[in-house]
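[1] Structure, please.
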Amino acid sequence: MPKSVYGWGYQQERARLLASGGLCVHCDLRPATEADHQPPLSRHLHVEGSGCCLLVPSCSRCARLQAGMLGGGVARPRVAAPEFVEPDGFGVGDAVWDVPWLDDLRGVPENGWWPRLMTVPHRRAAGSIGDEFVEWVRVELGVTLRWWQRLVAVRLLEVDAAGMLVWTAALLTLARQCGKSLFVRCLADWRSEQAWRFGEPQLVLHTADTLEHAKAVWNLAHRRAGALGFGLRRAAGEYAISKPDGEWLVRSQSATVGYSASLAIGDECHDIKVETIEQKLGATTIEMAQSQLLLVSTASSECTELFPMRRAGALARLDDPDNELIVEWSAPRGASVLDETARRQASPHWHDRRADEIRGHAERAAPYEGQPHPHELVVGVRTQWHNEWRPPGVLGVKGDVLIDAERWAAARCDDDSVGPLVIGVEDHRGQGAAVGFCGRLPDERLVIGGQLCDSRADAYALAAAAAVDRPGSTLVIGASLSGDPALEDIDVVALSRAGANTETPPALTMLRDMVAVGRVVHDGSPELDDQMVEVRVKDGAGGLHLVIGPRSDLLRAAVWALRETVTSPAPEPAIH
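    All right, here's what the predicted structure looks like:
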């Protein structure tokens, strides 16, 4: 099988560089999976062994970012992402909580837990009207709030010596199913009926990741509203409760402009866009008296940048608050899924059934915890039940790994194939291409490999050279290459086309299954290794589907070649 254009010396040096398992030198966040030339190959005349450049460990994402920068023809300096370190927080016995309005709440109930991370009392705070809110909820709504809900209310509604609210923005985050929605409903109902206190009609503007999620909270209040004769409006994309001196509006993310809000709520913030808050919802509170913005969410592996960004800013000021409060129940980052103390720290409301259910999730996830790439079960426990947020600037992981990294590494084979090849060629959105190979070993195992190319022409040239070297080879191409006359110059006995939505899912499934039983190995092609590490898949109709994101043209070309090898009879070399 044709080897990479990089020489054996490069292969050895790359292996030594990555063997230590260190982090990328550019971002210092993600594991290094590539050996990056510095200066880049596109910026110097490379002569292997001459010392013209150094190899440094890089992650695939930073490598792609660098490639994008250099693609414009101008080399630009890379700025490493700052390291994000969570503070320790203040325990319930810390002197920072020695304020009279917290005295009763510092007696944490047996089924509760003090927030792991919470902003200290505002420097202007002289008290709180939280107890007033709690009593109103009990009398008007018939709801007795849980201890943690009372704590959040007292913190959110801290006031200065003149009785004015001191917090303009707040973040509330804790594990699932603890009562966030009920708290949001109570707060929205209360605030929309407090014109007498705040001196003007009150508008609560409520949005969420989806309109349905915000509407579900609103639905908790509309029966009471109807019984009291308040106005109800249900229309496409518009839900409202109109009160004598206030209103509670539910709107989609795109429909939060044009209002002046007393209380703006961003619910299920893990999937709310940054611009929804920073450019739309947040701006609605500027002109209203004692207005507040409240962002509420549990962590998610697929979150937008909004909550990690706002959270990082609030955590940086835990002991010296500005105007943003954070109240967070969460496990320490990286805690084992089997650590019951960690999961208690994320759930301020605890009972036996909750403990049993979460323990079941944790025990199912535990066997996968040591994998180098997070398994979906582990990610689920750490986000939903540990409430572990990713650092700002780090992309979330969607989908599953195609093949476990250890299994893929164990499937490497240095033996070369014999006889004809199946050669796969795929385009990369007009910005390069890939050539994948599949051949047979003497023991009938199949071996795959390949490399990336700068252009279609380079890919065709590599495929043509392989076809000459291995007479009787066949060619399979991506649909976007069909009809290209340059393909006629490749001397193969057969040419077929692969469709991304038809051939790829079963081919990926075939690769996973055949690697698992030792029927397929690979030749250690570094660029195929990199794509294997980066791509994510999800189960779907017909097999495994690639999650949109990381570059995957080489992987697709290789698995098409594999599937063609398995499903078609081995061609006989042509005799001329």
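
[2] How about the secondary structure of residue 360?
    Here residue 360 is helix, with the state taken from DSSP: H, G, I helix; E, B strand; the rest coil.

[3] need the contact list for it.
    With contacts taken as Cβ atoms under 8 Å, 6 or more residues apart in numbering, residue 360 has no neighbouring residues. No exception for glycine: its C-beta is placed from N, CA and C like everyone else's.

[4] Show me the shaky parts of the stretch 201-350 of the chain.
    Along the stretch 201-350 of the chain, the model assigns pLDDT under 70 to residues 236.

[5] So which residues of it form helices?
    Using DSSP state H, counting those that start in this stretch, the helices found in the stretch 201-350 of the chain span residues 211-227, 274-275, 306-315, 340-346.

[6] can you list these in a markdown table and add distance to residue 284?
    Compiled in a markdown table, the helices of the stretch 201-350 of the chain are given as follows (distance: least, Cβ to Cβ, whole Å):
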| stretch | distance to residue 284 |
| --- | --- |
| helix 211-227 | 15 |
| helix 274-275 | 14 |
| helix 306-315 | 16 |
| helix 340-346 | 31 |
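
[7] Hmm, residue 257 is touching residue 275, no?
    No: contact status for residue 257 versus residue 275: not in contact, 10.8 Å apart, counting by Cβ atoms under 8 Å.

[8] Neighbouring strands - and their directions - for the longest strand anywhere in the chain?
    For the chain, the longest strand by residue count, based on DSSP state E, is strand 418-427. Using DSSP bridges, the strands paired with strand 418-427 are strand 433-440 (antiparallel), strand 474-478 (parallel).

[9] could I get the ones you listed as a markdown table with mean neighbour count?
    As requested, those are exported to a markdown table (neighbours: other Cβ atoms under 10 Å):
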| stretch | mean neighbour count |
| --- | --- |
| strand 433-440 | 26 |
| strand 474-478 | 25 |
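
[10] And those: which comes nearest residue 95?
    Evaluated over those, closeness to residue 95 peaks at strand 433-440, with 61.4 Å, by Cβ to Cβ.

[11] Now the element after that closest one, going C-ward?
    Following strand 433-440 in sequence order, the next helix or strand is strand 446-453 (DSSP states H and E).

[12] thinking again about what came up before, name the residues of the longest strand of the chain that are buried.
    Buried residues in strand 418-427, counting neighbours by 16 or more other Cβ atoms under 10 Å, are found at 419-427.

[13] and what of stretch 291-302?
    291-301.

[14] how far is that stretch from where the chain is centred?
    15 Å (Cα atoms, centre = their mean, to the nearest Å).

[15] Alpha carbons of it, in PDB - could you do that?
    This file holds the C-alpha atoms of stretch 291-302, laid out as PDB (Å, rounded to 0.1, in the frame of the first residue of the first chain):
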ATOM      1  CA  SER A 291     -34.800  45.100  36.800                       C
ATOM      2  CA  GLN A 292     -33.100  41.700  36.800                       C
ATOM      3  CA  LEU A 293     -31.900  39.200  34.300                       C
ATOM      4  CA  LEU A 294     -32.100  35.500  35.500                       C
ATOM      5  CA  LEU A 295     -30.300  32.700  33.600                       C
ATOM      6  CA  VAL A 296     -31.200  29.200  34.600                       C
ATOM      7  CA  SER A 297     -29.900  25.800  33.400                       C
ATOM      8  CA  THR A 298     -28.400  22.400  34.000                       C
ATOM      9  CA  ALA A 299     -25.200  21.600  32.300                       C
ATOM     10  CA  SER A 300     -25.100  20.000  28.800                       C
ATOM     11  CA  SER A 301     -22.400  18.500  26.700                       C
ATOM     12  CA  GLU A 302     -23.800  20.300  23.600                       C
END
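
[16] and residue 477, what is it in contact with?
    424-426, 487, 495-498.

[17] Would you mind putting the residues you listed into CSV with pLDDT and distance to residue 200 alongside?
    Output for these, formatted as CSV (pLDDT from 0 to 100; distance: Cβ to Cβ, whole Å):
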residue, pLDDT, distance to residue 200
424, 95, 67
425, 95, 67
426, 93, 62
487, 91, 72
495, 92, 74
496, 90, 71
497, 88, 67
498, 86, 64
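
[18] who's in contact with stretch 142-151?
    Counting by Cβ under 8 Å, 6+ apart, 105, 108-109, 112, 115, 130-131, 134, 137-138, 153, 174, 178-179, 182-183, 186, 327, 329, 348-349 sit against stretch 142-151.

[19] Check which residues of it are buried.
    143, 145-151.

[20] Closest to residue 470 out of the residues you listed?
    Among the buried residues of stretch 142-151, residue 148 lies closest to residue 470 (Cβ to Cβ), at 67.6 Å.

[21] secondary structure class for that closest one?
    helix.

[22] Restrict stretch 378-396 to CA atoms and write it as CSV.
    This file holds the C-alpha atoms of stretch 378-396, laid out as CSV (Å, rounded to 0.1, in the frame of the first residue of the first chain):
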residue,chain,number,x,y,z
VAL,A,378,-20.2,9.2,31.3
VAL,A,379,-21.0,12.6,29.8
GLY,A,380,-24.6,12.1,30.7
VAL,A,381,-23.9,11.5,34.4
ARG,A,382,-21.4,14.4,34.6
THR,A,383,-23.7,16.9,32.9
GLN,A,384,-27.2,16.0,34.1
TRP,A,385,-26.4,14.7,37.6
HIS,A,386,-23.0,16.2,38.4
ASN,A,387,-23.9,19.5,36.7
GLU,A,388,-20.4,19.7,35.3
TRP,A,389,-20.1,22.6,32.8
ARG,A,390,-17.4,22.6,30.2
PRO,A,391,-14.8,25.5,30.3
PRO,A,392,-15.5,28.5,28.1
GLY,A,393,-13.9,28.2,24.7
VAL,A,394,-13.9,24.4,24.6
LEU,A,395,-16.2,22.8,22.0
GLY,A,396,-18.8,20.3,23.3
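
[23] what pLDDT, on average, does that stretch get?
    Across stretch 378-396, pLDDT averages out at 84.

[24] Tell me how far that stretch lies from the chain's centre.
    Mean-position distance between stretch 378-396 and its chain equals 8 Å (Cα atoms, centre = their mean).

[25] ok, back up a step: which two from the buried residues of stretch 291-302 end up farthest apart in space?
    So, the buried residues of stretch 291-302 by Cβ to Cβ: farthest apart are 291 and 301, at 32.5 Å.

[26] residue contacts, residue 480?
    By Cβ under 8 Å, 6+ apart, the contact list for residue 480 reads residue 427.

[27] Can you verify it is assigned to a strand?
    No: counting by three-state DSSP, residue 480 is not part of a strand but helix.

[28] Do you know the pLDDT at it?
    Residue 480 carries a pLDDT value of 83.

[29] hmm, back to that, and the contacts of stretch 142-151, which are buried?
    105, 112, 115, 130-131, 134, 137, 153, 174, 178, 182-183, 186, 327, 329, 348-349.

[30] what's the burial count for residue 255?
    Per other Cβ atoms under 10 Å, the neighbour tally for residue 255 reads 16.
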